[in-house]
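[1] model this:
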Amino acid sequence: MENKKTRSTEDVLKILCDSVNKVLSMATQTTITYSPMVQKVSKTCLKPDIGCFVLFDGGFSGLVVMNFSKEAAMEIYRGYMISMGMPEEELANLYTSDEVGNTLGELMNQIIGNFQVEVKKEFQCSVSQNQPKMIVLNKELMVMINAPIQNPQCRKVSFETANHRPFYLEISVENFEFIELYPFEKPQAFDADTLIAETKGKC
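    Numbers count the residues shown, from 1 in each chain. Predicted structure coming up:
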């Protein structure tokens with residue numbers, strides 16, 4: 001019998017990592033990188049200095065968390081706003097400012113939008129999301145999210161900004177396996193440039 005192609009947790013994670021890399025690199029006009037190694041973790045948490053999370057459901061269910069150091073958050077925020085033509089003197093100076101959290105939330109929304117398109121292309125199924133939520137955390141605080149995910153598989157990947165400031169992507173997704181029943185042609189690749197240009201045009 002012909003071996004069928006399968007897709008599982010790491011395939012979803014790779015799509016998500018590529019979406020983070022593509023959207024943030026385009027938004028900040030800098031080079032965002034991520035580790036080729038993935039960690040298996042027992043739980044997914046919001047951690048200092050800024051945590052952002054979004055739930056998705058549909059073809060499969062999951063939770064995406066991004067945890068930023070304050071330095072990484074400010075570098076991404078400033079890079080994005082400057083690339084949009086905002087004068088430096090008008091930018092927020094504190095990572096606790098609403099502007100910083102709102103910007104990271106908007107970028108995460110773009111990331112999940114990219115992810116949805118790529119999942120549709122690769123898995124021929126759809127996922128929907130809720131609105132990303134941001135929270136500023138102090139060093140003593142971690143927040144667990146009680147997401148309704150059956151048999152969750154949790155993974156963590158390390159990212160760096162162009163100035164080597166760390167941030168982290170965590171995902172908790174239900175245990176699943178997609179098996180290709182027959183070959184199919186994938187739709188045209190998603191263009192992140194178009195997404196960024198459309199977003200800038202609305203500002």
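[2] what about the biggest helix by length in the chain, distance to the chain center?
    Longest helix in the chain, counting residues (DSSP state H): helix 98-123. From the chain centre to the centre of helix 98-123 is a distance of 6 Å (C-alpha atoms, centre = their mean, to the nearest Å).
[3] now swap in stretch 130-140 and tell me
    The chain centroid and the centroid of stretch 130-140 are separated by 14 Å, computed with C-alpha atoms, centre = their mean.
[4] Count residues in the vicinity of K121, would you?
    In terms of burial, K121 registers 14 neighbours under the definition other C-beta atoms under 10 Å. (Glycine included, C-beta is placed from N, CA and C.)
[5] Next secondary structure after the longest helix of the chain?
    Downstream of helix 98-123, the next assigned helix or strand under DSSP states H and E is strand 127-129.
[6] Could you pull up the mean pLDDT of stretch 88-97?
    Mean pLDDT, stretch 88-97: 94.
[7] typed the wrong thing, it's stretch 154-169
    For stretch 154-169, the per-residue pLDDT averages 97.
[8] Check stretch 33-41 too.
    Per-residue pLDDT values over stretch 33-41 give a mean of 96.
[9] Could I get the buried residue list for it?
    Buried positions in stretch 33-41, judged by neighbour count with 16 or more other C-beta atoms under 10 Å: Y34, V38.
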